[in-house]
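In: Whatever this is, show me its structure:
(chains A and B)
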Amino acid sequence: MEGEKGGRKSAEYEAVVSAGRHLKRLQQAHAHLVVTGCYRSRALLTKLLTLSCAAGSIAYTRRLIRSVADPDSFLFNSLINASSKFGFSHDTILFYRRMLHSRIAPSSYTFTSVIKACADISHLRLGTLVHSHVFVFGYVSDSFVQAALVTFYAKSCKPRVARKVFDEMPQRNIVAWNSMISGYEQNGLAREAVEVFNKIRETKVEPDSATFVSVLSACSQLGSLHLGCWIHECIVESGITMDVFLATSLVNMFSRCGDVGKAREVFDSINEGNVVLWTAMISGYGMHGYGVEAMEVFRRMKARGVVPNSVTFVVVLSACAHAGLIDEGRAVFATMKQEYGVVPSVEHHVCMVDMLGRGGLLNEAYKYVKGLRPEELVPAVWTAMLGACKMHKNFDIGVEVAEHVINAEPENPGNYVLLSNMYALAGRMDRVASVRKVMIQRGLKKQVGYSTIDIDNRSYLFSMGDKFHPETNEIYRYLDELMWKCKVAGYAPVLELAMHEVEEEEREYALRYHSEKLAVAFGLMKTGNGVILRVVKNLRICEDCHSAFKFISVVTNREIIVRDKIRFHHFREGSCSCLDYW
DNA sequence: TTAGGGTTAG
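Out: Presented below is the predicted three-dimensional model:
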């Protein structure tokens, strides 16, 4: 009899499990449990709850838990874990509150899940409160809870607090290290992330795939190719399997560090790529201005049966915009909606405005902007339109658009600089002065531009007019000579974008010592013929530097690759890969 | 029979 009973229970369990993540089937299984009288079984209820979370139905999960008179510790923990894992963070916190009200003590399992929920919604106040509960209930030395706290503080923009928790850990497994590396990387502290990675190598802990994914993101942020290549070597040496996550990170890293050829090599070495990998490769070509190659990969992707998603279309449209492929871009936008049913998002609209605007179709671009719904008129749309007006020197639309940009983002100093430039180009110097006045009144300062260049595995940082480098005098002298040679070859400084309140001679001086020029001069001084210079700039490259680098590539016979805020520029033999679409 | 931490594309 006992065996039969056990067998019957098992069949019920099987019925719940086989319903899987399908809400309808779970509800049928639930009904069956009620009919057979098995609905009081805690194990079956627990399974039902976790599966309904997995099925994405938090409403059904809530109904189920309400039907349980006295949920026990096991049930709460399962519920808290599942709701947190499947992204129902707010519910996780509510379930946790209910658990405390029921006077059921949380465990380390409870805390890891609740802390993850707080991390996912970056709820600093709540997470800090939960941290205090961790002390009260005595789980402060639990390594899982500590790792979760590191991630929580990092995701709540408190990397220093994350580091404090990390430093206080008596034992650190690879997950704890990974939490700290990705925590730094996500807060824009790429150098710190690489430092932590280096520290792991002093321990006996072996890096895993996630370690490399995070540290590769840090390399991408820095744009440091030598660092990225070194991590690549570490991956090969570690013998770790090249999974699709790792391959995607490598493709990204090589693209964002300026070696799209290497990115392609990694991409080609993977047989079964998913949409993320294909999108990364297309994005890589796009940011380098290789629109034709981007479109070719996009075509092959579709031929392979990999279905493009919303992000894929953003990178494809962006590639078209940066390569002047307007007709292709229009066609892609049409198929996106018709064939793939992707609803255009704000990002797609920005790409379309950017593409039409860069292509000189300013009226069409402006018509497109005016056709958008009010909620779609985000600052990025206006900024794209403004960039186009500046590029094609259309001051009438430009000034109008600039006013919208300021209204949309009154705290962004970059917008005032754009507006000021627009007025200056239109010859309205009175307006230039008044914009500057507003900036001063509002306490807004221009973002400081800086450039980095890697030479002999070391990274050097330059900012405009800075004289901190020990070889400053040599660099400035070298640059003066270089610019003189460029002038002989036909270079004329693009003065109108320099600071407008200074005299012409000073304006040229200010332009001459822009951070990217200092970095290039230093690179030329320190490297031999044939070495490609790779410079990373935090802002967009200025128009004058862009013009100067074309001449420098001729007079020095060097290739210069500059990564600016939005894309790459390859200067070779007097021209730039962006074809001045920038 | 039910439950734990980190990572990927613009």
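
In: Relative to DNA strand B, which residue of the stretch 301-450 of chain A is the closest?
Out: Proximity of the stretch 301-450 of chain A to DNA strand B (CB to the nearest atom of the strand) peaks at A:E347, 2.8 Å away. In this view, the C-beta of every residue, glycine as well, is placed from N, C-alpha and C.

In: And what about that residue, helix, strand or coil?
Out: Following DSSP: H, G, I helix; E, B strand; the rest coil, we place A:E347 in the helix state.

In: how many neighbours does it have?
Out: Using other CB atoms under 10 Å, A:E347 has 18 other residues around it.

In: isn't it right next to A:V316, touching?
Out: No - contact criterion CB atoms under 8 Å: A:E347 and A:V316 do not qualify, at 11.8 Å.

In: After the worst-scoring helix or strand of chain A on mean pLDDT, which helix or strand is next?
Out: The weakest-scoring helix or strand in chain A, judged by mean pLDDT, DSSP states H and E, is helix A:2-19 (a mean of 58). Where DSSP states H and E defines the elements, the next helix or strand beyond helix A:2-19 is helix A:23-36.

In: List of residues touching that following helix?
Out: Contact with helix A:23-36 is made by A:8, A:12, A:15-16, A:18-20, A:39, A:41, A:44, A:48, A:51-52, A:55-57, A:60, A:64, as judged by CB atoms under 8 Å, 6 or more residues apart in numbering.

In: Buried among those residues? Make that a ChimeraX selection.
Out: Here is the ChimeraX command that selects the buried residues among these (16 or more other CB atoms under 10 Å):
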select /A:12,15,16,19,39,41,44,48,51,52,55,57,60,64
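
In: The contacts of helix A:23-36: which ones sit near DNA strand B?
Out: Under the cut-off given by CB under 7 Å from any atom of the strand, DNA strand B has A:41, A:44 from these close to it.

In: Could you find the closest non-adjacent residue to the residue nearest to the spatial centre of chain A?
Out: Centroid-nearest residue in chain A, with CA atoms, centre = their mean: A:Q186, separated by 8.5 Å. Ranked by CB to CB, 6 or more residues apart in numbering and with sequence neighbours excluded, the top spatial neighbour of A:Q186 is A:A154, at 6.1 Å.

In: can you map out the helices along the stretch 201-350 of chain A?
Out: Along the stretch 201-350 of chain A, counting by DSSP state H, counting those that start in this stretch, helices occupy A:209-222, A:225-238, A:244-256, A:260-268, A:275-287, A:291-303, A:310-323, A:326-338, A:346-358.

In: Let's have the ones you listed in TSV, adding distance to A:E195.
Out: Shown next, in TSV, are those (distance: least, CB to CB, whole Å):
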stretch	distance to A:E195
helix A:209-222	10
helix A:225-238	12
helix A:244-256	18
helix A:260-268	25
helix A:275-287	26
helix A:291-303	35
helix A:310-323	31
helix A:326-338	42
helix A:346-358	33
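
In: For the stretch 451-582 of chain A, what lies in contact range of DNA strand B?
Out: Residues of the stretch 451-582 of chain A lying near DNA strand B (CB under 7 Å from any atom of the strand): none found.

In: in the stretch 451-582 of chain A, which segments are predicted with low confidence?
Out: Residues of the stretch 451-582 of chain A meeting the criterion pLDDT under 70: A:495-510, A:582.

In: Point me to the residue of it nearest DNA strand B.
Out: A:I566 (8.4 Å).

In: Tell me the secondary structure at the closest residue to that residue other than its chain neighbours.
Out: Excluding the flanking residues, the one nearest A:I566 by CB to CB, 6+ apart is A:R540, at 6.5 Å. The three-state label given to A:R540 by three-state DSSP is coil.

In: before we move on, back to that, wait, the residue nearest to the centre of chain A sits on A:Y153?
Out: No - here A:Q186 lies out of contact with A:Y153, judged by CB under 8 Å, at a distance of 11.3 Å.

In: Where does the stretch 151-300 of chain A get nearest to DNA strand B, which residue?
Out: Closest point on the stretch 151-300 of chain A to DNA strand B, by CB to the nearest atom of the strand, is A:A210, at 2.6 Å.

In: Phi first, then psi, for A:R572.
Out: Dihedral angles of A:R572 (phi, psi; degrees, to the nearest 10) stand at phi -150, psi 130.

In: For it, which non-adjacent residue is closest in space?
Out: A:E559 (4.8 Å).

In: Count the residues that sit near the one you found.
Out: A:E559, neighbours per other CB under 10 Å, totals 15.

In: How about A:K164?
Out: Counted with other CB under 10 Å, A:K164 comes out at 13.

In: How about A:E272?
Out: 8.

In: Identify the residue spatially nearest to it, adjacent ones excluded.
Out: That would be A:V244: by CB to CB, 6+ apart, it lies 7.3 Å from A:E272.

In: That neighbour reaches A:W278, doesn't it?
Out: No - using CB under 8 Å, A:V244 is not in contact with A:W278, being 10.5 Å away.

In: Enumerate the residues of the stretch 251-400 of chain A near DNA strand B.
Out: Neighbours of DNA strand B within the stretch 251-400 of chain A, by CB under 7 Å from any atom of the strand: A:252, A:256, A:275-276, A:279-280, A:283, A:286-287, A:309-312, A:314-315, A:318, A:345, A:347-348.

In: right, and A:P170 touches A:S141 too?
Out: Yes - counting by CB under 8 Å, A:P170 touches A:S141, with 7.0 Å between them.

In: More neighbours: these two, which one.
Out: Each of A:P170 and A:S141 has its neighbours counted (other CB under 10 Å); A:S141 has more, 13 against 7.

In: Tell me the secondary structure of the more buried one, please.
Out: Under three-state DSSP, A:S141 comes out as coil.

In: rewinding a little: A:T556 versus the residue nearest to A:I566, what's the distance?
Out: Distance of A:R540 to A:T556, given as CB to CB, to the nearest Å: 23 Å.

In: Then A:E400?
Out: Counting by CB to CB, the gap from A:E400 to A:T556 is 42 Å.

In: of A:V244 and A:W278, who's got more company?
Out: A:W278 (25 against 13).

In: burial measure for the residue lying closest to that one once chain neighbours are set aside, as a count.
Out: Of all residues not flanking A:W278 in the chain, A:M301 sits nearest, at 4.3 Å (CB to CB, 6+ apart). A count of nearby residues for A:M301, using other CB under 10 Å, gives 21.

In: contacting residues for A:M301?
Out: The contact partners of A:M301, by CB under 8 Å, 6+ apart, come to A:275, A:278, A:282, A:308, A:312.

In: Reformat these into CSV and put pLDDT next to each item.
Out: As requested, these are exported to CSV (pLDDT from 0 to 100):
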residue, pLDDT
A:V275, 94
A:W278, 95
A:I282, 96
A:P308, 95
A:T312, 96
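
In: quick one: which of those is most hemmed in?
Out: Neighbour counts for the contacts of A:M301 (other CB under 10 Å) peak at A:I282, which has 29 neighbours.

In: residue contacts, it?
Out: Here A:I282 is in contact with A:294, A:297-298, A:301, A:312, A:315-316, A:319 (CB under 8 Å, 6+ apart).

In: before we move on, what about A:Q447?
Out: A:413-414, A:538-539.

In: in which helix or strand would I find it?
Out: Applying DSSP H and E, one finds A:Q447 in no helix or strand.

In: In the stretch 101-250 of chain A, where is pLDDT below threshold?
Out: Using pLDDT under 70, the stretch 101-250 of chain A has no residue that qualifies.

In: Cheers, nothing more for now.
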